[in-house]
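K.L.:
predicted model and sequence follow; I will ask about them next.
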Amino acid sequence: MTIVIAHRGLDETYPENTVIAFKAALEKGYAIEIDVRGTSDDELIVLHDDTVDRTTDGEGRVAQMTLAEVKALNAGSWCGEEFAGAQIPTLMETFDAVKEFGTAETTLIIEMKTLDPGCINKICDGLAERGLLSSTVGIGLIHLSVDVRRRFYGGSPDFQCASVANVAAELPAAISDPYSSWIYVRYLMSAEDVKAAHDGDKKVIASGPDVMENLDNMVLSAEAGADTIMAYHPDAIADRLA
């Protein structure tokens, strides 16, 4: 069965990239996609933007802020006053939520926004301690660079990296990538494409704007055999696939 990935958590209802949004998605059986970046004191947090301006009551670039400064911000009120207590979570707090509430075979998609000192070992060790390596996939800077995938493989050969195929012509190279077990696919795949990936011992994340925003194409991706689908509207596609 195709697993639905809730983009930044259940962000249609809750403030994006917060534990409350993650819990809501995980309890519905979805995987979650999160964005990871580092603070000035080399702590890993979950936030999409490189500034805190859009989703908190603060201002400034994350790379120039300490974890304490980030944690002091209100990360929920912009989405509704009932979420005023929400904070930007650390990556380890997010891992704890996935461990506690996740039920899907694949529960976590980590999009790396930055590569900070020591982050690879922190991520691999944190996942291993919680038994989450087999249910986590890395994208972002990971899918963009074979060197980054190699470095994560060095951190743990059990960490699951994704290579990328933006168009069908890139699929063979993604399948042959030596450091990935998944392919982050950013076009509408055919059943033959999915079979080629599976025959190459790769699993598939169906994504890209033509998929994530289009319910009909998400259904087609599931029918083609995609292992997971990244969705802006996870409840809507889950209803269609039920």
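P.N.:
Right, received. Where do you want to start? Residues are numbered from 1 along each chain as shown.

K.L.:
neighbours around Arg61, how many?
P.N.:
12 (other CB atoms under 10 Å). All C-beta atoms are positioned from the backbone trio N, CA, C, and that covers glycine.

K.L.:
that one: what's its closest spatial neighbour, skipping adjacent residues?
P.N.:
Nearest residue to Arg61 in three dimensions, chain neighbours excluded: Thr51, at 5.3 Å (CB to CB, 6 or more residues apart in numbering).

K.L.:
what are the boundaries of the strands in this structure?
P.N.:
3-7, 31-38, 44-46, 108-112, 136-140, 160-165, 182-185, 203-206, 228-231 (DSSP state E).

K.L.:
can I get the CA coordinates of the longest one in CSV?
P.N.:
Once side chains and other backbone atoms are set aside, the C-alpha atoms of strand 31-38 remain, and they are given as CSV (Å, rounded to 0.1, in the frame of the first residue of the first chain):
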residue,chain,number,x,y,z
ALA,A,31,4.7,9.7,7.1
ILE,A,32,5.9,13.2,7.7
GLU,A,33,8.4,15.4,5.7
ILE,A,34,10.5,17.8,7.7
ASP,A,35,13.1,20.4,7.0
VAL,A,36,16.4,20.4,9.0
ARG,A,37,18.9,23.2,9.5
GLY,A,38,21.4,24.3,12.1
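
K.L.:
could you check the angle strand 3-7 makes with that strand?
P.N.:
Angle of strand 31-38 versus strand 3-7, following axes from the mean of the first three to the mean of the last three CA atoms, to 10 degrees, is 40 degrees.

K.L.:
check the offset of strand 31-38 from the chain's centre.
P.N.:
What separates the centre of strand 31-38 from the centre of its chain is 5 Å, taken as CA atoms, centre = their mean, to the nearest Å.

K.L.:
just stretch 82-97 next, same as before
P.N.:
Distance, centroid of stretch 82-97 to centroid of chain: 15 Å (CA atoms, centre = their mean).

K.L.:
what does it contact?
P.N.:
14-15, 17-20, 22-23, 26, 34, 36, 43-47, 52, 55-56, 67, 70-71, 73-77, 108, 122-123, 126-127, 130, 132 (CB atoms under 8 Å, 6 or more residues apart in numbering).

K.L.:
mind running it again at 6 Å?
P.N.:
If you take CB atoms under 6 Å, 6 or more residues apart in numbering as the criterion, stretch 82-97 is touched by 15, 18-20, 22-23, 34, 36, 44-47, 70-71, 74-77, 126, 130.

K.L.:
do you know how far the closest residue to Trp182 other than its chain neighbours is from Thr66?
P.N.:
Leaving aside its sequence neighbours, Trp182 sits nearest to Ala162 (CB to CB, 6+ apart; 4.0 Å). Ala162 sits 31 Å away from Thr66, going by CB to CB, to the nearest Å.

K.L.:
what do you get for Glu16?
P.N.:
22 Å.

K.L.:
count of neighbours near Met230?
P.N.:
Neighbours of Met230 (other CB under 10 Å): 26.

K.L.:
specify the beta-bridge partners of it.
P.N.:
Met230 has these beta-bridge partners by DSSP bridges: Ile5.

K.L.:
thought it was touching Ile3?
P.N.:
No: Met230 lies out of contact with Ile3 (CB atoms under 6 Å); the separation is 10.2 Å.

K.L.:
what pLDDT does the residue lying farthest from the centre of the chain get?
P.N.:
Largest separation from the mean C-alpha position in the chain: Glu81, at 26.5 Å (CA atoms, centre = their mean). At Glu81, the predicted lDDT confidence score is 92.
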